[in-house]
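Undergrad: No letters, just coordinates:
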C-alpha cells in the first residue's frame, strides 16, 4: 500500500492534519508510530482505513483493513463465541465460523471464555477478545490506535507478543500508534516519528535510535543530557565538556553538533575526574536518577542499587563519564 503526498487539513491555518505525507507499507511488516499529541497519528490511521478522505494526494494498492481503538465496544448480549461468529463477513458456513472463533481463542489464550459474555470476563480477557474480534476477517492491514494503553505493563507485553506471533505467521501488515517507546523499539520492524502532520524521521528502530536527525526524535526516544559540541574543522574530534568524542561520521562536514550523553554513561565515584552538586534524587527501584549541577549544566545520572548515605541533595559528589555510548544529533 502506498500513500503519496497526502494532505488533509482540519483548520484554516493548516496546522492540524497531514501535510504532504507519504508512506509505503510493506507486506508483513509492523510499523510503529510515535509522536506528540496532535501530530496526526490517529488521522493517518483513519486515512489508511478509509474513514477519512484526503483533500490531496493519492492512495495506491489499498489493503482491506481493520481499525482497533481503545474504546472498541462489543455486544454483551451474546457469548464470546457467538460474538466472534457474528463478526465474520465472509460466506462461511456455521461450522467454519465456529472453527475460526476457536482458532482465535487458542491463539490469544482464552478458549475457556468462549461460553461467557464479554461483560463476564476480566479486563485482560476482554482485550484478548477484542484482538480476536479485529482479526476475525483476516484483514491485510491491522491498524492499532493505542488499544492497550490502559493495561498494566506485564499484560500489555504478553498481548503484544501473542499478537506479533500471530501477524508474522500470516504476513499481516500492522500499523500501530503508541506512546510506549520501549515497546515500539522492541516490536516494530520500522519506527516512524510524526510531528505536525509530517514524518520527522522513519527508519528501522536501530538506525533511528542511534542516528536521530532532530531533537524531536531524540527526546521522544528518551534521550537527555543535551549539550552543543564543536570542533575547529571536520577532520578533528568533537570537543565536549568531558574530553574529545568521535562521531563516527555523524555531522561529517559540520563544526557544531548536539550531543546526548546517556544517564548510564555517568558513574558517581570518589575518584571521579569531575565534581558537582546534587540537586535532586529520584528513587526508581533498582535504579535512581541523580541530577547533578556542574559547569552550568544539570546532568541526569543513573545510580544502580541502594543509595549511599553520602548521596544527599545539596552535597558535592565526584563522577566520571564514558562518552562511548553518546549519540550525536545532526540538527544544527
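TA: That came through fine. Just so you know, these numbers come straight off a predicted model, no measurement behind them.
Undergrad: Please identify the helix or strand for residue 105.
TA: helix 94-107 (DSSP states H and E).
Undergrad: Now for residue 50: which residues touch it?
TA: Neighbouring residues of residue 50 by C-beta atoms under 8 Å, 6 or more residues apart in numbering: 62, 65. Placement of C-beta: from N, CA and C, glycine included.
Undergrad: Please point out which parts of the helix holding residue 105 sit buried.
TA: Judged by neighbour count using 16 or more other C-beta atoms under 10 Å, the buried positions of helix 94-107 are 97, 98, 100, 101, 104, 105, 107.
Undergrad: so can I have CSV of those residues showing pLDDT and distance to residue 51?
TA: Formatted as CSV, the buried residues of helix 94-107 follow (pLDDT from 0 to 100; distance: C-beta to C-beta, whole Å):
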residue, pLDDT, distance to residue 51
97, 96, 26
98, 96, 30
100, 96, 25
101, 96, 26
104, 97, 24
105, 97, 28
107, 96, 27
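Undergrad: In terms of helices and strands, where is residue 279?
TA: Following DSSP H and E, one finds residue 279 within strand 274-283.
Undergrad: same check, this time on residue 37
TA: Assigned by DSSP H and E, residue 37 belongs to no helix or strand.
Undergrad: Does residue 302 lie in a helix or a strand, and which?
TA: Secondary structure (DSSP H and E) places residue 302 in strand 297-304.
Undergrad: can you give me how far that strand is from the chain middle?
TA: Its chain's C-alpha centre and that of strand 297-304 lie 24 Å apart, by C-alpha atoms, centre = their mean, to the nearest Å.
Undergrad: quick check: angle from the following helix or strand past that strand to strand 297-304?
TA: Note on strand 297-304: by DSSP H and E, the next helix or strand toward the C-terminus is strand 316-321. Interaxial angle, strand 316-321 versus strand 297-304 (axes from the mean of the first three to the mean of the last three C-alpha atoms, to 10 degrees): 80 degrees.
Undergrad: rewinding a little: contacts for the strand holding residue 302, please.
TA: Strand 297-304 is contacted by residues 224-225, 227, 241, 261-264, 266-268, 276, 279, 286-293, 311, 319 when judged by C-beta under 8 Å, 6+ apart.
Undergrad: related to what we said a few turns ago, flag every buried residue along the strand holding residue 279.
TA: For strand 274-283, by 16+ other C-beta under 10 Å, it's 274, 276, 278.
Undergrad: just stretch 151-158 next, same as before
TA: Applying a neighbour-count criterion of 16+ other C-beta under 10 Å, one finds 151, 156, 157, 158 buried in stretch 151-158.
Undergrad: Let me see the contact set for the first one.
TA: With contacts taken as C-beta under 8 Å, 6+ apart, residue 151 has the following neighbours: 123, 124, 127, 159.
Undergrad: Which one of those residues is nearest to residue 42?
TA: residue 127 (19.2 Å; C-beta to C-beta).
Undergrad: Which helix runs longest in this structure?
TA: helix 153-169 (DSSP state H).
Undergrad: about what we covered before: so the strand holding residue 302 versus strand 274-283, what angle?
TA: 60 degrees.
Undergrad: Sheet-wise, list the partners of strand 297-304 with their directions.
TA: Sheet pairing of strand 297-304 (DSSP bridges) gives strand 287-294 (antiparallel).
Undergrad: For residue 289, see how far away the nearest residue to residue 260 once chain neighbours are set aside is.
TA: Closest residue to residue 260 apart from its sequence neighbours, by C-beta to C-beta, 6 or more residues apart in numbering: residue 223 at 4.1 Å. As judged by C-beta to C-beta, to the nearest Å, residue 223 and residue 289 stand 14 Å apart.
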